[in-house]
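>>> Sequence first, predicted model second:
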Amino acid sequence: MLDRVDESSSDIRTLMAGIGLRARAASAPLAIATTEAKNAALRAMASEIEAARETILLANAKDMEAGRARGLAGSFLDRLELNEERIAAMADGVRAIAELPDPVGAIMTEWDRPNGLHIERVRTPLGVVGVIYESRPNVTADAGALCLKSGNAVILRGGSDSAHSSRAIHAALVEGLREAGLPDDAIQLIPTTDRAAVGELLTGLSGTIDVIVPRGGKSLVARVEADARVPVFAHLEGLCHIYIDQSAKRDMAVEIVANAKMRRTGICGALETLLIDRAAVETHLKPILERLAELGCEIRGDDAIRAAWPQAKEAEDADWATEYLDAIVSVAVVDGIGGAISHINRWSSRHTEAIIAEDADAVARFFSEIDSAILLHNASTQFADGGEFGMGAEIGIATGKMHARGPVGLEQLCSFKYRVRGTGQIRP
């Protein structure tokens, strides 16, 4: 595959058209590949990632050096960085996908009609998936493995900041495909960082792409949704909330909030806005904010928070709509579960919200009246992850309501068809 191409529009168009045609050709044998063949490829891919560890680390070092020179934020660099532990986790994630049930051909439901027809709804691959992502080079492995197991060819377009890392990981994936006798073109990485390639991808490449999955910041998702001529599994920003009810166990609340905000601040499941029941301010607020401050988190609060915690900076309206992806949290006092629901429904990106409470009625209202993709009770928002859901990995968290919602894993990368079996019936 080319490492660079002439960046004229005609050359980019030709390059992308060829990628689309090869992906469509590869999708046919993938759709009927056996589970054994796909799993063999996945295990080989995991072994190749481990074998290429030094090559991947060297490539990542180039990306990290360039990122620091460009002045990228610490949270961005955290998402970009690979180390031995993260590479091992990447390989383990690919192996975990091999262990999952194959969704292709699974009967979702079946029934008999009075006339004797037997009807089955059966999962089928989508075909060709285009994935556009920023900064996270591990998405190269996650997306490639998930699409392979679900019988789809995939075209990957990683961010320019992670180009060297993604190419090194992709090379390992292709070696795994070859070892298992599956087509190299099952997983393709666009070999240019020219943004015109994204524009071509969004056209659908003359009908060769069936769906686009964007994984990145708000501007990327907005562009994809505005320009795509094929369906999109939208992954909007993770403006995640936690509400602390007066019935919450204080020590539990402290630990969950600290983990949700500070475990990894740059992921989409990180806490961004903390809401606390007015009735819990005296008992819960100080220990929660003390822990966050000890961990180096900047606290921005409304008037009630600043009155109780003078060290807090004043929160402005923009703070309630900001995905910080950094060690910053906005905090507000609300009037019970009703106030929390009102605030979340106004400001949320519909990604992930959590309630810390022992009051079953409050939890029931939270689950019923908030319509985000993921809702948690007494657990950290950082569990908003396909791997933590037992899906092996994910391409992203879909915040729309059509087809896929929440973690996009194997089942979400499938469509379905109907198989109808008869014994000679004709329609009167």
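On my side now, so go ahead.
>>> going forward, measure contacts between C-alpha atoms and count neighbours the same way
Noted.
>>> what's next to stretch 419-428, contact-wise?
N115, G116, L117, H118, I119, E120, R121, V122 (Cα atoms under 8 Å, 6 or more residues apart in numbering).
>>> Repeat the analysis, applying 7 Å as the threshold.
G116, L117, H118, I119, E120, R121 (Cα atoms under 7 Å, 6 or more residues apart in numbering).
>>> Could you spell out the sheet neighbours of the helix or strand the last one falls within, each with its direction?
Element membership of R121, judged by DSSP states H and E, is strand 118-125. Neighbouring strands of strand 118-125 in its sheet, by DSSP bridges, are strand 107-112 (antiparallel), strand 414-421 (antiparallel).
>>> winner for burial among the ones you listed?
strand 414-421 (a mean of 15; mean count of other Cα atoms under 10 Å).
>>> Strands of the stretch 251-400 of the chain, residue ranges please.
Under the criterion DSSP state E, counting those that start in this stretch, strands of the stretch 251-400 of the chain are mapped to 271-277, 298-301, 313-314, 328-334, 352-356, 374-377, 397-398.
>>> mind listing the helices for the stretch 201-350 of the chain?
218-227, 250-262, 286-294, 303-308, 336-347 (DSSP state H, counting those that start in this stretch).
>>> now, of these, which is deepest in the fold?
By mean count of other Cα under 10 Å, the helices of the stretch 201-350 of the chain have helix 250-262 as the most buried, with a mean of 20.
>>> Thought S27 was touching A153, still the case?
Yes. A153 is within contact range of S27, at 5.0 Å (criterion: Cα atoms under 7 Å).
>>> Overlap in contacts, those two.
Joint contacts of A153 and S27 (Cα under 7 Å, 6+ apart) are G127, V128, A186.
>>> on that earlier part again, format the CA atom coordinates belonging to the strand holding R121 as PDB.
The C-alpha trace of strand 118-125 is given here as PDB (Å, rounded to 0.1, in the frame of the first residue of the first chain):
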ATOM      1  CA  HIS A 118     -41.800 -20.600   8.900                       C
ATOM      2  CA  ILE A 119     -40.100 -17.200   9.200                       C
ATOM      3  CA  GLU A 120     -36.600 -16.400  10.600                       C
ATOM      4  CA  ARG A 121     -34.900 -13.100  11.100                       C
ATOM      5  CA  VAL A 122     -31.100 -13.700  10.700                       C
ATOM      6  CA  ARG A 123     -28.100 -11.500  11.300                       C
ATOM      7  CA  THR A 124     -26.000 -10.500   8.200                       C
ATOM      8  CA  PRO A 125     -23.000  -8.300   7.800                       C
END
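>>> any idea of the mean pLDDT in it?
Strand 118-125 comes out with an average pLDDT of 97.
>>> Any buried residues in it, and which?
Judged by neighbour count using 16 or more other Cα atoms under 10 Å, the buried positions of strand 118-125 are I119, E120, R121, V122, R123, T124, P125.
>>> got the contact list for the lengthiest helix in the chain?
The helix that spans the most residues within the chain, counting by DSSP state H, is helix 9-31. By Cα under 7 Å, 6+ apart, the list of residues contacting helix 9-31 from outside reads 125, 127-128, 151-154, 183, 185-186, 196-197, 200, 205, 208-209.
>>> So which of the residues you listed wins on neighbours?
A153 (34 neighbours; other Cα atoms under 10 Å).
>>> What are the neighbouring residues in contact with it?
With the criterion set at Cα under 7 Å, 6+ apart, A153 makes contact with A23, A26, S27, G127, V128, V129, C147, A186, I187.
>>> Mind listing the residues bridging to it?
Applying DSSP bridges to A153 gives these bridge partners: V128.
>>> Alright, I will stop here.
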